[in-house]
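K.L.:
sequence below, structure please.
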Amino acid sequence: MKKLRVGVIYGGRSGEHEVSVASAASIIKHLDRSRYEPVPIRIEKDGRWTLADKAPTAISAADVIEHVRLEAARPARPGREAHFVAHPGEDTVLAIERGSAPLDASGSATVTGVGLDVIFPVLHGPYGEDGTVQGLLELANVPYVGAGVLGSAVGMDKAIMKTLFLARQLPVGPYVVVLRPEWNQDARAVSARIAGALGYPVFVKPANLGSSVGISKVKSAAELGGAMELALQFDRKVVIEAAIPNAREIECAVLGNDDPQASVPGEIVSAREFYDYEAKYLDQGSKAIIPAPLTPSQAGDVQRLSIAAFRAVDGAGMARVDFLIAGDTGELYLNEVNTIPGFTTISMYPKMWEASGVPYPALIDRLITLALERHAEKQQLRTSIT
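P.N.:
The predicted structure is shown next:
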């Protein structure tokens with residue numbers, strides 16, 4: 001049987017570059033070599049695409065993050081540039097290897113076409129998880145894992161996502177959206193609006209980011225300014241959410257296209273006051289409890305709402321859905337959908353599916369199959385009226 005060439009795109013321009021490298025390392029390690037040939041495609045922090053000489057090594061997420069940070073301080077080695085061909089064809093990527101002499105003097109550049117059967121984008125955050133890369137893959141007409149352009153864009157924007165949740169009458173906690181011009185023009189009026197609508201404490205988040213980057217817990221009006229300035233470093237739009245009293249953090253994994261399934265839920269017990277970037281990837285004290293200690297009724301509600309949220313954002317392939325349960329009332333709140341969840345050695349998405357009877361290699365295989373099925377179905381659509 002011919003092996004499928006799987007292009008694993010990782011890295012990226014977002015603040016989640018390091019997490020993406022760790023996710024790609026785990027995926028490449030667990031790909032069944034009897035069925036798949038991985039082709040690592042790395043996007044550097046400055047946006048350059050390269051065909052990686054060597055795939056990232058699957059070590060702990062914390063070690064990968066530290067390795068990437070040290071690597072950034074060293075001069076980058078020139079590699080083979082990777083340029084996606086933005087139209088259907090046999091060559092998905094053009095690999096360009098430049099010689100040492102200037103091109104206008106010697107013309108020394110070798111261009112090689114690389115055909116790929118399917119793409120596994122493992123890009124977290126903007127410029128990868130938000131529909132931008134998915135749009136390029138649509139133009140190339142190549143199958144890819146995960147949500148399409150619309151689902152990816154909506155899944156990245158927490159403000160738009162919440163609007164769709166409310167339209168489907170899904171349970172969402174109180175929140176306020178603030179744009180950078182509003183804050184710059186009259187921070188005092190915005191602060192008063194937040195205090196009146198939500199009170200304190202609140203969580204301040206960039207609307208378009210993940211891995212808890214740029215998030216702050218704000219306990220009083222005096223702390224709001226610093227939190228807003230931090231969030232606005234990452235996005236022009238900020239979502240401020242009312243803190244759910246004594247909240248438990250519950251997650252659930254979804255797998256499928258038109259008939260999605262939900263895994264057993266898991267619970268995160270953070271080593272810090274809330275589950276921020278350091279608690280997720282650097283602090284060894286945080287714990288994942290899978291299955292989550294929920295009643296059968298609560299677990300069923302989490303699974304039902306996870307599928308509803310997945311459909312609300314037009315999800316495909318995979319998603320991790322996050323919830324909060326109020327410690328005082330037990331009320332369940334839908335927090336967000338992540339259309340490219342983490343795949344590191346400690347990530348909840350693969351761990352929840354493993355607890356549901358789908359081990360990591362089988363999960364990757366299923367995701368690739370879903371991508372191929374979705375692509376084949378789209379090929380049946382008409383592209384002309386004649």
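
K.L.:
what are the buried residues along the helix or strand where residue 19 lies?
P.N.:
Element membership for residue 19 (DSSP states H and E) is helix 17-30. Within helix 17-30, the residues scored as buried using 16 or more other Cβ atoms under 10 Å are 17-30. C-beta here means a position set from N, CA and C on the backbone, and glycine is covered the same way.

K.L.:
same thing with stretch 224-232?
P.N.:
Within stretch 224-232, the residues that count as buried by 16+ other Cβ under 10 Å are 224, 227, 228, 230, 231, 232.

K.L.:
what's the one helix or strand the third one maps to packed up against?
P.N.:
In this case it means residue 228. Secondary structure assignment for residue 228, by DSSP H and E: helix 224-232. Counting contacts by 3 or more Cβ pairs under 8 Å, 6 or more residues apart in numbering; DSSP states H and E, helix 224-232 packs against helix 180-185, helix 187-197, strand 202-206, strand 216-218, strand 237-242.

K.L.:
state the mean pLDDT of the first one.
P.N.:
When pLDDT is averaged along helix 180-185, the result is 97.

K.L.:
give me the residues contacting that helix.
P.N.:
If you take Cβ atoms under 8 Å, 6 or more residues apart in numbering as the criterion, helix 180-185 is touched by 190, 228, 232, 236, 237, 238.

K.L.:
how about the residues you listed, which pair is most distant?
P.N.:
190 and 236 (14.1 Å; Cβ to Cβ).

K.L.:
picking up where we left off before, distance to residue 299 and mean neighbour count for the helices and strands packed on helix 224-232 - can I get that in CSV?
P.N.:
Shown next, in CSV, are those (distance: least, Cβ to Cβ, whole Å; neighbours: other Cβ atoms under 10 Å):
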stretch, distance to residue 299, mean neighbour count
helix 180-185, 40, 13
helix 187-197, 32, 14
strand 202-206, 25, 24
strand 216-218, 27, 19
strand 237-242, 24, 22
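
K.L.:
of the ones you listed, which is nearest residue 98?
P.N.:
Here strand 202-206 is closest among these (Cβ to Cβ), at 36.6 Å.

K.L.:
can you dump the C-alpha atoms of that closest one in CSV for me?
P.N.:
Extracted C-alpha coordinates of strand 202-206, given in CSV (Å, rounded to 0.1, in the frame of the first residue of the first chain):
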residue,chain,number,x,y,z
VAL,A,202,-13.0,39.4,35.9
PHE,A,203,-10.8,37.7,33.4
VAL,A,204,-9.3,39.9,30.7
LYS,A,205,-8.4,38.1,27.4
PRO,A,206,-7.2,38.9,23.9
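
K.L.:
what lines up beside it in the sheet?
P.N.:
Note on strand 202-206: by DSSP bridges, its sheet partners are strand 216-218 (antiparallel), strand 237-242 (antiparallel).

K.L.:
tabulate those strands (TSV), appending mean pLDDT and distance to residue 261.
P.N.:
What follows is the strands paired with strand 202-206, written out as TSV (pLDDT from 0 to 100; distance: least, Cβ to Cβ, whole Å):
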stretch	mean pLDDT	distance to residue 261
strand 216-218	95	34
strand 237-242	97	28
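
K.L.:
tell me which of those strands sits nearest to residue 150.
P.N.:
Taking the strands paired with strand 202-206 one by one with Cβ to Cβ, strand 237-242 is closest: 18.1 Å.

K.L.:
so what's the gap between that closest one and the chain middle?
P.N.:
19 Å (Cα atoms, centre = their mean, to the nearest Å).

K.L.:
got the angle between it and helix 187-197?
P.N.:
In terms of direction (axes from the mean of the first three to the mean of the last three Cα atoms, to 10 degrees), strand 237-242 departs from helix 187-197 by 40 degrees.

K.L.:
residue contacts, the closest residue to residue 118 other than its chain neighbours?
P.N.:
Among residues not flanking residue 118 along the chain, residue 143 sits closest, at 4.5 Å (Cβ to Cβ, 6 or more residues apart in numbering). Shown in contact with residue 143 (Cβ under 8 Å, 6+ apart): 117, 118, 119, 371, 372, 374, 375.

K.L.:
tell me which two in the residues you listed are the farthest apart.
P.N.:
Farthest apart among the contacts of residue 143 by Cβ to Cβ are 117 and 374. That separation is 14.0 Å.

K.L.:
can you list the weak-confidence ranges in the chain?
P.N.:
58-79, 99-107, 210-211, 271-285 (pLDDT under 70).

K.L.:
show me where it has helices.
P.N.:
17-30, 61-72, 103-106, 132-140, 149-156, 158-167, 180-185, 187-197, 224-232, 277-281, 296-312, 348-355, 360-378 (DSSP state H).

K.L.:
with distance to residue 323 added, can I get these in CSV?
P.N.:
Output for the helices of the chain, formatted as CSV (distance: least, Cβ to Cβ, whole Å):
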stretch, distance to residue 323
helix 17-30, 21
helix 61-72, 23
helix 103-106, 54
helix 132-140, 26
helix 149-156, 16
helix 158-167, 12
helix 180-185, 29
helix 187-197, 22
helix 224-232, 22
helix 277-281, 17
helix 296-312, 6
helix 348-355, 12
helix 360-378, 21
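
K.L.:
who's the residue nearest to residue 310 when sequence neighbours are not counted bridged to?
P.N.:
Spatial nearest neighbour of residue 310, chain neighbours left out: residue 254 (4.5 Å); criterion: Cβ to Cβ, 6+ apart. On the basis of DSSP bridges, residue 254 is bridged to residue 262, residue 319.

K.L.:
tell me which residues touch residue 254, please.
P.N.:
260, 261, 262, 263, 306, 307, 310, 315, 318, 319, 320, 321.
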